[in-house]
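# just a sequence and a predicted model for now, questions to come.
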Amino acid sequence: MRRNVIKIIQLSAYWPFLLLFKIFFNFKVRGADNLKKADGSFLIAVNHVSYLDPVSVFIALPFRFRYAPLYYMASDYFYRVLFFYRFVGAVRAHEGKNLELSGRPLINLLARGERVVIFPEGAIKRGTKRRPRRGISYVAAQSNKFIVPLKIESNLDGSVNVAGGKVFDLLTGKHWIKMIFGKPFKIEEIIGKTPETLSELRKASEGVFKRIEAANDGR
């Protein structure tokens, strides 16, 4: 039941949000054809720019029933405070817990053929570079699914507010968002084997983030 509710909400909101983002953020998507190279169930690994990123990721996908619902790893705080989050695809991160506890919900979703989004940085980047967390590698290794790197290029500033800037700036079209999908890959391609130890998982996660940063119009 919950899955159907999430799917209906996401598909109903797709076109209205896409229109708004194109008007106010000059929203553009590149490399979406790379999604065809992944199976129907996959991980999307994406850098974190602003609080609008979850919406940006979903509307960057082509409008296909098979891409919905889309699930997101969400911080414990927002999952608790914003009750509606659980009905739009959010999955609690269980921050500070072990990898099995935090990653198992996503692994189970992928085993059922779903699609999930993980922000390896764990939070919005504010000035300093954040070290990617091990979770993305752990989930990828346990699920054996393709990882689709997605780079967000934008002038939004997540540290200001949810919209990433003043309302006046939105109305004058000063903000922009560009989504770039890279080529899908398996986690073992990063370090030459499936990561198992904590150090291997860390190294693999750093490699995943490098692929996000290297995404360039799908080429």
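Received it, and whenever you're ready, just let me know what you need.
# out of the helices and strands in the chain, which is least certain?
Least confident helix or strand, the chain: helix 167-171 with a mean of 63, by mean pLDDT, DSSP states H and E.
# any idea which helix is longest in this structure?
helix 2-25 (DSSP state H).
# now do the phi/psi pair for the residue nearest to the spatial centre of the chain.
The centroid of the chain falls nearest to V117 when counting by C-alpha atoms, centre = their mean (3.6 Å). In terms of degrees, to the nearest 10, the main-chain angles of V117 are phi -120, psi 130.
# would you verify that V29 is located in a strand?
Yes - using DSSP: H, G, I helix; E, B strand; the rest coil, the assignment for V29 is a strand.
# show me the strands in this protein, by range?
With DSSP state E, the ranges of strands along the chain come out as 28-30, 42-46, 70-74, 90-92, 115-118, 146-154, 177-181.
# rebuild the ones you listed as CSV, extending it with distance to V139.
To be clear about C-beta, it is placed using only N, CA and C from the backbone, and glycine gets the same treatment. Formatted as CSV, the strands of the chain follow (distance: least, C-beta to C-beta, whole Å):
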stretch, distance to V139
strand 28-30, 24
strand 42-46, 7
strand 70-74, 9
strand 90-92, 11
strand 115-118, 7
strand 146-154, 9
strand 177-181, 19
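# okay, these in TSV with mean pLDDT and distance to A140 next?
Shown next, in TSV, are the strands of the chain (pLDDT from 0 to 100; distance: least, C-beta to C-beta, whole Å):
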stretch	mean pLDDT	distance to A140
strand 28-30	97	23
strand 42-46	97	6
strand 70-74	93	13
strand 90-92	92	15
strand 115-118	96	9
strand 146-154	95	5
strand 177-181	96	17
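# so which of these is nearest L52?
Closest approach to L52 among the strands of the chain is made by strand 177-181 (7.7 Å; C-beta to C-beta).
# just want the angle from the closest one to helix 2-25.
130 degrees (axes from the mean of the first three to the mean of the last three C-alpha atoms, to 10 degrees).
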